[in-house]
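J.: Compute the structure for the input listed below.
(chains A and B)
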2 protein chains.
Amino acid sequence: MAKQERAVRTRNALIESAAELFDREGFETASLSMISARAGVSSGALHFHFASKADLADAVGQAAALRLGRITAQDAGDTLQSLIDATYALVRALGQDAVLRAGFDLGDGAGRVRSGAALRRAWQEWVEEVLAKADMEGALAHGVSAEDAAAVVVAATAGLESLGRHDPRWLTADSLSRFWRLLLPRVACTTTLRTLRPSGSGH
Amino acid sequence: MAKQERAVRTRNALIESAAELFDREGFETASLSMISARAGVSSGALHFHFASKADLADAVGQAAALRLGRITAQDAGDTLQSLIDATYALVRALGQDAVLRAGFDLGDGAGRVRSGAALRRAWQEWVEEVLAKADMEGALAHGVSAEDAAAVVVAATAGLESLGRHDPRWLTADSLSRFWRLLLPRVACTTTLRTLRPSGSGH
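T.: I've put the predicted structure just below:
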């Protein structure tokens, strides 16, 4: 293995390890020695890559932002279906991926980037854009505002994330499908509604 | 002031002070000396009332449970309206009341009662009961399940609580009214819908 490749692997292992410990123990409790031990890396190697726990938090936040970016980049071929599919991908990733979960949870004091706030803002802006686009395409039901729908989608996904931290059943496709079954007939116009899959299109 | 009354006041001041510090600094960071200083009480007086920080967390959790109990005990004279009104009362209280906010936030390791889990469960069970009752009364729209509606109400209120911790605009009546404007026409049957106030009845 080339030296550079090894360095990238070590760095990624440290980010994964930090995310798991931030997620499980909290940012304050997780220590650099716990993080390096869990990653199977010496504390010297950790300090080669990261000067502080705040540096590691920034790196976790950036890795989480990349993953969120991949989730919102998927295109299902239809605007509302892309939104539905992204919520399933987000909920699934929050259930499985400590980096994304820790990224959403890192707040004031943990790193300079405050990745939790940045990720929530990025998700909210994307949901608002997609619903504004659906509105322009005439895909929303009469009398429904894209802003209201966006606020409800953002609140519901934040709620599943928050509840899922204590009870993983909230972060399942089944739990999300209750939301879309209830909300979609109110949000989508009749023509679009017939083509949409409230359980996700599996793209 | 009688001795007993003074003791009750001191105890309540300590609970308020602990809740504010748990809420602002986190349970781990808040110290007993910070809590007694903020309450204007000697550390001896604190130890007379509470043996440990976990004891204080339990008391915050119990005080929060009482407040939640008062919110869900209100009766608007109509089942669905009582649910709507309770969500407004909860959101308002979460915005203003550090005891309720800290109570919902206290998790594993903070006290024996894990008040966050207990409060979330109590709120969820109440929402489920109210919607099952509305269903039995024929107040729900055809084809809508009380369980689905309850899950969506619980997810949305948890989302507002979680988002409101970082941005207080989420914990406003305006933010909640978007949710009810969108959801009610899908959840309530046409007859009931005409009598409901999605912005709360102000009871």
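J.: burial count for the residue of chain A found nearest chain B?
T.: Going by CB to the nearest CB, chain B is nearest to residue A:159 of chain A, at 3.2 Å. For every residue, glycine as well, the C-beta is placed using N, CA and C. Other residues within reach of residue A:159 by the criterion other CB atoms under 10 Å in any protein chain shown amount to 25.
J.: Distance from the chain centre to the helix or strand in which residue A:62 is found, please.
T.: Secondary structure here is read from DSSP states H and E; on that basis residue A:62 sits in helix A:53-73. Its chain's average C-alpha position is 9 Å from that of helix A:53-73, according to CA atoms, centre = their mean, to the nearest Å.
J.: Now do that helix: which elements does it pack against?
T.: Other helices and strands packing on helix A:53-73, by 3 or more CB pairs under 8 Å, 6 or more residues apart in numbering or on different chains; DSSP states H and E, are helix A:3-25, helix A:32-39, helix A:79-96, helix A:98-105, helix A:115-136.
J.: Could you rerun that using 7 Å?
T.: Counting by 3 or more CB pairs under 7 Å, 6 or more residues apart in numbering or on different chains; DSSP states H and E, the packing neighbours recorded for helix A:53-73 are helix A:3-25, helix A:79-96, helix A:98-105, helix A:115-136.
J.: winner for burial among those?
T.: helix A:98-105 (a mean of 25; mean count of other CB atoms under 10 Å in any protein chain shown).
J.: returning to what we had before: return the residues in contact with the residue of chain A closest to chain B.
T.: For residue A:159, the set of contacting residues under the criterion of CB atoms under 7 Å, 6 or more residues apart in numbering or on different chains consists of B:155-156, B:158-159, B:162.
J.: Please identify the helix or strand for it.
T.: helix A:146-164.
J.: Up against chain B, what does chain A have?
T.: A:26, A:28-29, A:117, A:120, A:144, A:148-149, A:151-152, A:155-156, A:158-160, A:162-163, A:166, A:175, A:178-179, A:181-182, A:185-186 (CB under 7 Å from any CB of the partner chain).
J.: Buried among those residues? Make that a PyMOL selection.
T.: To isolate in PyMOL the members of these that are buried, counting by 16 or more other CB atoms under 10 Å in any protein chain shown, one can use:
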select buried, chain A and resi 26+117+120+144+148+149+151+152+155+156+158+159+160+162+163+175+178+179+181+182+185+186
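J.: what about chain A, any weak spots by pLDDT?
T.: Across chain A, the stretches falling below the confidence threshold (pLDDT under 70) are A:1, A:108-113, A:203.
J.: so what's residue A:115 up against?
T.: Neighbour list for residue A:115: A:60-61, A:64-65, A:103, A:106 [criterion: CB under 7 Å, 6+ apart].
J.: let's see 6 Å
T.: By CB atoms under 6 Å, 6 or more residues apart in numbering or on different chains, the residues touching residue A:115 are A:61, A:103, A:106.
J.: returning to what we had before: what's next to the helix holding residue A:62, contact-wise?
T.: A:15, A:18-19, A:32, A:50, A:86, A:89-90, A:99-100, A:102-103, A:106, A:110-113, A:115, A:119, A:126.
J.: now the angle from the helix holding residue A:159 to helix A:115-136?
T.: The directions of helix A:146-164 and helix A:115-136 differ by 140 degrees, with axes from the mean of the first three to the mean of the last three CA atoms, to 10 degrees as the criterion.
J.: any idea how far helix A:146-164 is from the chain center?
T.: Averaged C-alpha coordinates place helix A:146-164 at 12 Å from its chain's average position (CA atoms, centre = their mean).
J.: and after it, which helix or strand comes next?
T.: Counting by DSSP H and E, the next helix or strand C-terminal to helix A:146-164 is helix A:173-187.
J.: Give me the helices and strands touching that next one, please.
T.: For helix A:173-187, the helices and strands in contact under the criterion 3 or more CB pairs under 6 Å, 6 or more residues apart in numbering or on different chains; DSSP states H and E are helix A:79-96, helix B:146-164.
J.: domains for chain A, by residue range?
T.: A:3-56, A:63-195 (automatic domain parsing).
J.: Can you check the distance spanned by the last one, start to finish?
T.: End-to-end distance of domain A:63-195: 34 Å, with CA to CA, to the nearest Å as the criterion.
J.: quick revisit: what's the closest of the helices and strands packed on helix A:173-187 to residue B:5?
T.: With CB to CB as the criterion, residue B:5 lies closest to helix B:146-164 of these, at 33.9 Å.
J.: Could I get the CA-only coordinates of the closest one as PDB?
T.: Extracted in PDB, the C-alpha atoms of helix B:146-164 (Å, rounded to 0.1, in the frame of the first residue of the first chain):
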ATOM      1  CA  ALA B 146     -55.300   6.900  13.900                       C
ATOM      2  CA  GLU B 147     -51.900   5.200  14.300                       C
ATOM      3  CA  ASP B 148     -50.400   6.900  11.200                       C
ATOM      4  CA  ALA B 149     -51.800  10.300  12.300                       C
ATOM      5  CA  ALA B 150     -50.400   9.800  15.800                       C
ATOM      6  CA  ALA B 151     -46.900   8.900  14.400                       C
ATOM      7  CA  VAL B 152     -46.900  12.000  12.200                       C
ATOM      8  CA  VAL B 153     -48.000  14.300  15.100                       C
ATOM      9  CA  VAL B 154     -45.300  12.800  17.400                       C
ATOM     10  CA  ALA B 155     -42.600  13.100  14.800                       C
ATOM     11  CA  ALA B 156     -43.500  16.700  13.900                       C
ATOM     12  CA  THR B 157     -43.600  17.800  17.500                       C
ATOM     13  CA  ALA B 158     -40.300  16.000  18.300                       C
ATOM     14  CA  GLY B 159     -38.900  17.800  15.200                       C
ATOM     15  CA  LEU B 160     -40.000  21.200  16.300                       C
ATOM     16  CA  GLU B 161     -38.500  20.500  19.800                       C
ATOM     17  CA  SER B 162     -35.200  19.400  18.200                       C
ATOM     18  CA  LEU B 163     -35.000  22.200  15.600                       C
ATOM     19  CA  GLY B 164     -36.100  24.800  18.200                       C
END
